[in-house]
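Asks: coords below, sequence missing:
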């Protein structure tokens, strides 16, 4: 806090004697934005005073509402604290517009972080109301149909990966953008405050520098994706250590403890240590990040792994790690021991399949593949048995034709042509969604992990919901109605794992068949799973259409259903696809009738 008490009084910012501007070091050709503290030239107190005055002036300039993105992490906490401290010093009559604080909960956040943020928002709300401040916290969540488990368990989307990153848009972007768009629609404009910093990476610094060229007013950049939205990044010049120094030097104004936040970062770092930062030579512990505990876009959940390894009180999260390692599509890897330097194999995948969480999935894979888990993991061949050989929406079979570099280039990049040295019999299919039994095993694994966490965890997670009831209801609807899986297995799995009757309502008798009927159909079809699926789909379609007044499109549905399951078996489908894909090969004079490409990648052919 400023040494002069008068500086803390609620007075309007002075326009007669503005604080000296804070200048940044000259930009080099390839700048390293992390090399110098933002407080180095003018001192900590002066820089903070200048930023608070800047915030006050921007806030008083117009009636455009502000929106602060708050994740509970250090950067967003620093921004919110800076804004709160500045606004709190203004007289109450100048609180002319709201300051929305939005936090997006993906519903698969690290449970520790999720609880931290939820409690912080509640404390923040009470503090703002008590002081009459214009801060309005909001916890945003994805729509039920967009949630992680509805898409993975319900629709069968495979685990997210860099070429199929379906999660970010649904879980994070849509909730926040929807809120921001609503504010812009009602007010014509909005100002979004973010904790982005140039020192996070050179790539981030270049983007921020490029956006700064289009600033319509001092420090405000137009959003490239949100119409009517301006971006304000008050701590853009701060280093990682600047953020921590500020949070440790200035008390949290809404009553939370910043040292607890520091402890969370320490617990999520690999070595469990977070030294006191006293000079430029002291390493920082703030580089670790929290996020979704199910994330498969990274090779390993380092933060949760470190929490479990470094704190005996966090061992209750081990079932979550096992489930996350099951979902991960990668094979086991190798790691170097930090003490001995020896390279050892990391058996996370094997261990996950052998755990109580992954037991059902392991048995399923062993049965359908006829191979051991060790063989499947070693050959990185286990995921193909979890996924359908047909695509989700079309039911088509998609083949990946091997490509090789051509002798020509376009825009400096090699053109790609089919690799004729690879036989069509060796072309790999592109697998589709998770099959029914795999999805049922995923649900069983998730509920098993939930029960284990409730049993092993502290009192505040005794009623934790890894999956919400509305998500379970939507998954059930997708299985029975959209996928016509008339067995209605979700209530059975729920009662088997949880030990209690499923709390959902009884489905309409017109949507399902009895267990006796489904058992009889299974006996009739025997091991012919495609025949079983085809018959069940046609029965489901008949049930759905029976009480429908309009039956338009029914013949198209029947045709699509027949095309999806007319094959003798999976091998027959793949053989047909490879044969037809080979006809698409430019070197062949045969017709490519029946073959199409549903991708911009010429190597991917579909029948």
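Replies: Right, received. Where do you want to start? These numbers come from a predicted model, not from an experiment.

Asks: Report the buried residues of stretch 46-55.
Replies: Across stretch 46-55, burial judged by 16 or more other CB atoms under 10 Å covers 47, 48, 49, 50, 51, 52, 53, 54, 55. No exception for glycine: its C-beta is placed from N, CA and C like everyone else's.

Asks: isn't the last one right up against residue 87?
Replies: Yes: look at residue 55 against residue 87 with CB atoms under 8 Å: they come within range, at 7.1 Å.

Asks: follow-up on the earlier one: what about the buried residues of stretch 46-55, which are in helices?
Replies: Among the buried residues of stretch 46-55, DSSP state H puts 47, 48, 49, 50, 51, 52, 53, 54, 55 in helices.

Asks: For the residue nearest to the last one when sequence neighbours are not counted, the count of nearby residues, please.
Replies: Meaning residue 55. Nearest non-adjacent residue to residue 55, counting by CB to CB, 6 or more residues apart in numbering: residue 86, 3.9 Å away. When neighbours are counted by other CB atoms under 10 Å, residue 86 registers 23.

Asks: show me where the stretch 201-350 of the chain has helices.
Replies: Listed in chain order, the helices of the stretch 201-350 of the chain (DSSP state H, counting those that start in this stretch) span 202-212, 240-249, 258-267, 302-310, 318-327, 348-354.

Asks: Counting by contacts, list what the biggest strand by length in the chain packs against.
Replies: Assignment by DSSP state E gives strand 403-410 as the longest strand of the chain. The contact analysis (3 or more CB pairs under 8 Å, 6 or more residues apart in numbering; DSSP states H and E) places strand 403-410 against strand 413-418.

Asks: Go through the strand it packs on and flag the buried ones.
Replies: In strand 413-418, counting by 16+ other CB under 10 Å, buried: 417, 418.

Asks: now that strand against strand 403-410, angle please.
Replies: Computed by axes from the mean of the first three to the mean of the last three CA atoms, to 10 degrees, the angle separating strand 413-418 from strand 403-410 equals 140 degrees.

Asks: tell me the mean pLDDT for the next helix or strand after strand 413-418?
Replies: Next along the chain after strand 413-418, taking DSSP states H and E as the criterion, comes strand 428-430. Mean pLDDT, strand 428-430: 82.

Asks: and after strand 428-430, which helix or strand comes next?
Replies: Per DSSP H and E, the first helix or strand lying C-terminal to strand 428-430 is helix 436-456.

Asks: Also compute the angle for that next one relative to helix 318-327, please.
Replies: For helix 436-456 against helix 318-327, the angle by the same axes, to 10 degrees is 160 degrees.

Asks: So for the next helix or strand after helix 436-456, what gets flagged as buried?
Replies: Per DSSP H and E, the first helix or strand lying C-terminal to helix 436-456 is helix 469-477. Neighbour-count burial for helix 469-477 flags 471, 472, 473, 474, 475, 476, 477 (criterion: 16+ other CB under 10 Å).

Asks: right, and the pair among the residues you listed with maximum separation?
Replies: Spatial extent of these (CB to CB) is set by the pair 471 and 477 at 10.7 Å.

Asks: Would you map the strands across the protein?
Replies: Ranges of strands within the chain are 66-69, 99-104, 135-140, 190-193, 220-222, 229-232, 333-336, 343-346, 398-400, 403-410, 413-418, 428-430, 604-606, based on DSSP E.

Asks: partners of the longest strand of the chain, with directions?
Replies: Under the criterion DSSP bridges, strand 403-410 sits next to strand 413-418 (antiparallel) in its sheet.

Asks: and the strand it pairs with, how far out from the chain's middle?
Replies: In terms of CA atoms, centre = their mean, to the nearest Å, the centre of strand 413-418 is set 33 Å apart from its chain centre.

Asks: Next, count neighbours for residue 528.
Replies: Neighbour count for residue 528, taken as other CB under 10 Å: 13.

Asks: same deal with residue 438?
Replies: Residue 438, neighbours per other CB under 10 Å, totals 22.

Asks: For it, give its distance to residue 365.
Replies: Distance, residue 438 to residue 365, using CB to CB, to the nearest Å: 9 Å.

Asks: same question, residue 396
Replies: On the measure of CB to CB, residue 396 and residue 365 end up 25 Å apart.

Asks: Look at these two and report which has more neighbours.
Replies: A count of neighbours by other CB under 10 Å puts residue 365 above the other of residue 396 and residue 365, at 24 against 19.

Asks: okay but that one is in contact with residue 373, surely?
Replies: Yes: between residue 365 and residue 373 there is a contact at 6.6 Å, judged by CB under 8 Å.

Asks: which residues are common contacts for those two?
Replies: Listed as contacting both residue 365 and residue 373 by CB atoms under 8 Å, 6 or more residues apart in numbering are 353, 382.

Asks: unless I'm mixing things up, residue 159 is touching residue 329, no?
Replies: Yes: in this structure residue 159 lies within contact range of residue 329 using CB under 8 Å: 5.1 Å.

Asks: circling back: which residues does the residue nearest to residue 55 contact?
Replies: For residue 86, the contact set (CB under 8 Å, 6+ apart) comprises 51, 52, 53, 55, 56, 59.
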